[in-house]
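Colleague: Next come a sequence and a model predicted from it.
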Amino acid sequence: MKKFALTGYPLGHSLSPFIHKQLFKAAGIEADYSLMEIPPESLSAEFEGLKQLCGFNVTIPHKVNIIPLLDELDGRAALFGAVNTVKVDENGRTKGFNTDCDGFLNALKAADISLAGRVLLCGSGGAARMFAFEAASAGCDLTVAVRKTGLPTAQKVALEIKSKLGKAVETAALDEIKGGFDLIINATPVGMYPNADACVIGREIIERSGAVFDAVYNPSETLLVKYAKEAGIKYSNGLPMLVWQAAVAEEIWNGVSFSAEDIEPVLALTEKEL
């Protein structure tokens, strides 16, 4: 039986084993998926154990720190400077990928949301880096908005995008944002359970915008999504992205292919499980 896992720290309750179990079933693959909680200071020492698997997913705080341990990087993972999927070949060589971007783009497509025009990205952490690079690569007019204390990190991301892609990115404090946008992306934990009564950006800005993507999926309807729904604009929470990034990881590991029709029942079961 093929063995796969998710590594990170702390992991707590993760939907990943459930999602991958459904995807293995859909693809007719006999495989096992477990959680391997590894603290940051033990990552190097535990890496040989991870290499005994056929592949593994990587989450916070290892997405960047795993890179020096890998033999090879896919182009997107190298561009973002972050890895969430690792394939281990029969010779024990490891290659890092980023399937979060595929999850994001497939989630937008499912919600009929275009990655174009004026984009407001809230946050500058690990997930935000990927959203920022994808938006800049698509030619969007991107503003990265953060709390005032996070401005140095946001400016660092903007400089990196400028040096790698030659695309200028604006940075701003969240409380200074005005007007409307074609798309608002929330890459912060604001609105996540149990603090579900918070919204990362003012309602009046949401109502002047064209679409909303919230990376938060618990609860399924955050205040950001609720305000978008009430304003009659397009929206998506983060659950389709979570399921799709897992599906693309399995495509890399097992050489299978998933269609939108294959993913729909998996998404429905995951929503029920959540």
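Modeller: It's in.

Colleague: Going by C-alpha atoms from here, please, whenever you check contacts or count neighbours.
Modeller: OK.

Colleague: Only C-alpha atoms, please: export stretch 66-81 in PDB.
Modeller: What follows is stretch 66-81, C-alpha atoms only, in PDB (Å, rounded to 0.1, in the frame of the first residue of the first chain):
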ATOM      1  CA  ILE A  66      11.800  22.300   3.700                       C
ATOM      2  CA  ILE A  67      13.300  23.800   0.500                       C
ATOM      3  CA  PRO A  68      17.000  23.400   1.400                       C
ATOM      4  CA  LEU A  69      16.400  19.700   2.200                       C
ATOM      5  CA  LEU A  70      14.900  18.900  -1.300                       C
ATOM      6  CA  ASP A  71      16.800  17.600  -4.300                       C
ATOM      7  CA  GLU A  72      14.700  19.600  -6.800                       C
ATOM      8  CA  LEU A  73      12.000  22.300  -7.100                       C
ATOM      9  CA  ASP A  74       9.200  22.800  -9.600                       C
ATOM     10  CA  GLY A  75       9.200  26.200 -11.300                       C
ATOM     11  CA  ARG A  76       6.100  27.500  -9.400                       C
ATOM     12  CA  ALA A  77       7.500  26.400  -6.000                       C
ATOM     13  CA  ALA A  78      10.800  28.100  -6.800                       C
ATOM     14  CA  LEU A  79       9.000  31.300  -7.800                       C
ATOM     15  CA  PHE A  80       6.900  31.500  -4.700                       C
ATOM     16  CA  GLY A  81       9.700  30.300  -2.400                       C
END
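
Colleague: Is Phe4 in a helix, a strand, or coil?
Modeller: strand (DSSP: H, G, I helix; E, B strand; the rest coil).

Colleague: got the contact list for it?
Modeller: Ala31, Asp32, Tyr33, Ser34, Leu53, Cys54, Gly55, Phe56, Asn57 (C-alpha atoms under 8 Å, 6 or more residues apart in numbering).

Colleague: bridging residues for it?
Modeller: On the basis of DSSP bridges, Phe4 is bridged to Tyr33, Gly55.

Colleague: Next one: it relative to Arg203, how far apart?
Modeller: 42 Å (C-alpha to C-alpha, to the nearest Å).

Colleague: So Arg76 belongs to a strand, correct?
Modeller: No - read with three-state DSSP, Arg76 is helix and lies in no strand.

Colleague: Please work out how many residues are found near it.
Modeller: Arg76 has 18 neighbouring residues, counting by other C-alpha atoms under 10 Å.

Colleague: Looks like it contacts Asn98 (just checking).
Modeller: Yes - counting by C-alpha atoms under 8 Å, Asn98 is a contact partner of Arg76 at 6.3 Å.

Colleague: need the contact list for Ile263.
Modeller: Counting by C-alpha under 8 Å, 6+ apart, Ile263 touches Val243, Trp244.

Colleague: Distance from the one helix or strand it maps to to the middle of the chain?
Modeller: Using DSSP states H and E, Ile263 falls within helix 260-273. How far helix 260-273 lies from its chain's middle: 18 Å, per C-alpha atoms, centre = their mean, to the nearest Å.

Colleague: now swap in stretch 49-67 and tell me
Modeller: Counting by C-alpha atoms, centre = their mean, stretch 49-67 comes out at 15 Å from the chain centroid.

Colleague: Quick check: end-to-end length of it?
Modeller: Terminal residues of stretch 49-67 lie 16 Å apart, using C-alpha to C-alpha.

Colleague: With stretch 179-199 instead?
Modeller: This stretch, stretch 179-199, spans 17 Å end to end (C-alpha to C-alpha).
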